[in-house]
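Chemist: Show me the folded form of this:
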Amino acid sequence: MGCSSCSTGTDGQPKGCKNNGTCGTDGCNKLTVFDWLSNMALPSGERPFEFVEVRFKNSRKAFFKNPENSSLAIGDIVATQAKSGHDIGMVTLTGELVRVQMKRKKVDFKGEDFSKIYRKATQKDIDIWQKCRAREEEIKKRSREIAIILKLQMKISDVEFQGDGSKATFYYTAEERVDFRQLIKDMAKAFGIRIEMRQIGYREEAQRLGGIGSCGRELCCSTWLTDFRSVSTSAARYQQLSLNPQKLAGQCGKLKCCLNYELDVYLDALKDFPSQDTKLFTEKGLAFCQKTDIFKEMLWFSYKEDPANWHVLSKDQVKEILEKNKKKQKVASLEMYVLDEEEGEKVVFENVVGQDSLTRFDRPKGKRKNNRNKNRNRRKNNNRKKNQKNA
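Modeler: Prediction:
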């Protein structure tokens with residue numbers, strides 16, 4: 001993990017490119033924020049903002065007060081205040097942009113109950129932190145085994161150690177309420193640390209763990225998405241997507257967040273579109289809407305008696321027929337308005353950037369057989385001529 005301008009440490013964490021937010025590759029942190037104010041000097045007499053943003057394991061972030069105004073840069077490892085002991089995290093944002101982020105997240109920075117940054121982490125702090133991080137996978141596996149033995153209906157998805165190794169937070173998902181008191185006792189006895197259980201949703205689980213989506217890119221929730229809006233199946237219906245759970249569900253098992261991205265565009269386009277329940281009255285019979293295409297502004301209708309035979313009409317033609325129906329006038333038939341669909345040739349392969357044909361290495365089977373027959377006949381003729389000369 002790490003961008004091209006910063007090397008990766010032994011524990012998998014980036015050492016920091018020291019570009020103070022001007023790194024354009026955006027590959028160092030999850031949910032990172034580009035510091036576009038890093039190269040701007042403060043006005044004379046202004047003191048730098050005393051809060052910094054610190055990221056811990058995965059996407060967990062928090063704001064901390066820097067009371068001593070220590071010179072901190074993005075990528076620095078710092079020791080921060082915790083409820084008991086101290087925690088180790090990485091600075092992800094400094095300066096005036098932290099004020100903007102705190103206002104956006106509605107965090108009151110004028111209060112006095114903020115946690116503080118103790119110091120930059122020493123090598124001893126980093127060694128303890130790395131040793132604790134190395135134990136997390138083993139402890140997660142062991143805790144899952146204990147939960148299975150106790151027959152608890154829960155899934156422990158992640159374990160996060162506090163920087164000083166005195167406490168571990170177990171993140172879990174469950175459909176119903178779980179009584180994990182015995183689980184905490186068994187884990188505290190097995191691991192010798194303080195245990196904290198924290199229930200998270202399935203979307204938060206995917207955000208923490210990360211992964212690659214069906215689009216081939218990293219999950220939106222683990223890279224830039226900061227809030228989870230509700231997604232309903234109506235979003236798929238408005239966009240005329242097939243209600244296939246395997247295609248519409250993300251790695252969290254819920255509907256994909258990206259179903260909401262283009263929903264507003266579809267809703268705006270459908271405002272000027274006839275309803276899906278539109279019925280057209282013709283002398284030939286009643287016609288129902290079967291399909292719409294908001295991009296081509298076309299609708300497909302079929303008669304009640306002949307639902308398999310569809311007729312394509314433009315949006316304006318449908319509105320014209322509806323106006324006549326409102327005046328209690330029937331059109332003769334849909335065939336009068338049917339558009340001629342120009343079916344172009346289907347392009348199997350299109351040479352757009354100078355590639356060769358995809359079948360350039362394929363030889364027709366017939367040619368190979370013909371060549372073999374020609375060579376065989378040629379050999380027979382040569383042998384016949386040699387025999388005649390020898391005779």
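Chemist: Tell me where the stretch 1-150 of the chain has helices.
Modeler: Assigned by DSSP state H, counting those that start in this stretch, the helices in the stretch 1-150 of the chain fall at 96-104, 123-149.
Chemist: ditto for the stretch 201-350 of the chain
Modeler: For the stretch 201-350 of the chain, the helices defined by DSSP H, counting those that start in this stretch cover 202-209, 220-223, 233-238, 245-248, 263-271, 315-326.
Chemist: returning to that earlier point: quick one: which of the helices of the stretch 1-150 of the chain is nearest N66?
Modeler: helix 96-104 (9.7 Å; CB to CB). The C-beta positions use only the backbone N, C-alpha and C, and glycine is treated the same way.
Chemist: What is the closest one packed up against?
Modeler: strand 51-55, strand 61-65 (3 or more CB pairs under 8 Å, 6 or more residues apart in numbering; DSSP states H and E).
Chemist: among the ones you listed, which is the most enclosed?
Modeler: Compared across the helices and strands packed on helix 96-104, strand 51-55 shows the largest average neighbour count, a mean of 22 (mean count of other CB atoms under 10 Å).
Chemist: Which other helices and strands does that strand contact?
Modeler: With contacts defined as 3+ CB pairs under 8 Å, 6+ apart, strand 51-55 has these neighbours: strand 61-65, strand 77-81, strand 86-93, helix 96-104.
Chemist: Now do the second one: everything it contacts.
Modeler: What that stands for is strand 77-81. Identification of contacts with strand 77-81 by CB atoms under 8 Å, 6 or more residues apart in numbering yields 52, 54, 62, 64, 72, 86-91, 115-122, 125-126, 129, 163.
Chemist: How about the last one?
Modeler: Applying CB under 8 Å, 6+ apart, the contact partners of helix 96-104 are 21, 33, 35-37, 42, 48-49, 51-53, 63, 93, 109.
Chemist: Would you mark the buried spots in that helix?
Modeler: 97-99, 101-102 (16 or more other CB atoms under 10 Å).
Chemist: re the thing from before, ok, which of the helices of the stretch 1-150 of the chain comes nearest M298?
Modeler: M298 lies closest, by CB to CB, to one member of the helices of the stretch 1-150 of the chain: helix 96-104, at 42.5 Å.
Chemist: what distance separates the closest one from the centre of its chain?
Modeler: Put simply, helix 96-104 sits 25 Å off its chain's centre (CA atoms, centre = their mean, to the nearest Å).
Chemist: Contact partners for the nearest residue to L255 once chain neighbours are set aside?
Modeler: Spatial nearest neighbour of L255, excluding adjacent residues (CB to CB, 6 or more residues apart in numbering): V231 at 4.1 Å. V231 makes contact with 254-257, 259-260, according to CB under 8 Å, 6+ apart.
Chemist: Mind checking which of the residues you listed land in strands?
Modeler: Assigned to strands by DSSP state E, none of the contacts of V231 qualify.
Chemist: got the residues you listed as a markdown table, with pLDDT, neighbour count and distance to K380 columns?
Modeler: Listed next are the contacts of V231 as a markdown table, based on pLDDT from 0 to 100; neighbours: other CB atoms under 10 Å; distance: CB to CB, whole Å:
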| residue | pLDDT | neighbour count | distance to K380 |
| --- | --- | --- | --- |
| K254 | 90 | 16 | 73 |
| L255 | 92 | 18 | 71 |
| K256 | 92 | 21 | 68 |
| C257 | 92 | 21 | 72 |
| L259 | 92 | 19 | 70 |
| N260 | 92 | 14 | 74 |
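Chemist: Below-threshold pLDDT in the stretch 1-150 of the chain: ranges please.
Modeler: Scanning the stretch 1-150 of the chain for pLDDT under 70 picks out 1-30.
Chemist: measure stretch 39-53 end to end?
Modeler: This stretch, stretch 39-53, spans 18 Å end to end (CA to CA, to the nearest Å).
Chemist: Need the contact partners of that stretch.
Modeler: Here stretch 39-53 has contacts from 20, 22, 33, 61-67, 69, 72, 78, 91-96, 98-99, 101-102, 109, 114, 117, using CB under 8 Å, 6+ apart.
Chemist: residues of it that come out buried?
Modeler: 49-53.
Chemist: from those, which is closest to L152?
Modeler: Among the buried residues of stretch 39-53, E53 lies closest to L152 (CB to CB), at 35.5 Å.
Chemist: Give me the neighbour count for the residue nearest to the closest one when sequence neighbours are not counted.
Modeler: Leaving aside its sequence neighbours, E53 sits nearest to L93 (CB to CB, 6+ apart; 3.8 Å). The tally of other residues near L93 (other CB atoms under 10 Å) stands at 23.
Chemist: about what we covered before: for V159, find the nearest of the helices of the stretch 1-150 of the chain.
Modeler: Closest to V159 of the helices of the stretch 1-150 of the chain is helix 123-149 (CB to CB; 4.5 Å).
Chemist: List the neighbouring strands of the following helix or strand past the closest one plus their orientation.
Modeler: Remark: after helix 123-149, the chain's next helix or strand is strand 155-161, criterion DSSP states H and E. Partners of strand 155-161 in the sheet, by DSSP bridges, are strand 167-173 (antiparallel).
Chemist: Now tell me what touches the strand it pairs with from outside.
Modeler: Strand 167-173 is contacted by residues 82, 84-85, 136, 139, 143, 154-162, 178, 187, 191, 193-202, 205, 208 when judged by CB under 8 Å, 6+ apart.
Chemist: I'd like to check which residues are in contact with I146.
Modeler: Contacts of I146 by CB under 8 Å, 6+ apart are 183, 186-187, 190.
Chemist: Show the buried residues in the contacts of strand 77-81.
Modeler: By neighbour count, with 16+ other CB under 10 Å, the contacts of strand 77-81 hold 52, 54, 64, 72, 86-91, 115, 117-118, 121, 125-126, 129, 163 as buried.
Chemist: Just the buried residues of stretch 137-153, please?
Modeler: Residues of stretch 137-153 classed as buried: 139-140, 142-144, 146-147, 152 (neighbour count, 16+ other CB under 10 Å).
Chemist: Most widely separated two among the buried residues of stretch 39-53?
Modeler: Spatial extent of the buried residues of stretch 39-53 (CB to CB) is set by the pair E50 and E53 at 12.5 Å.
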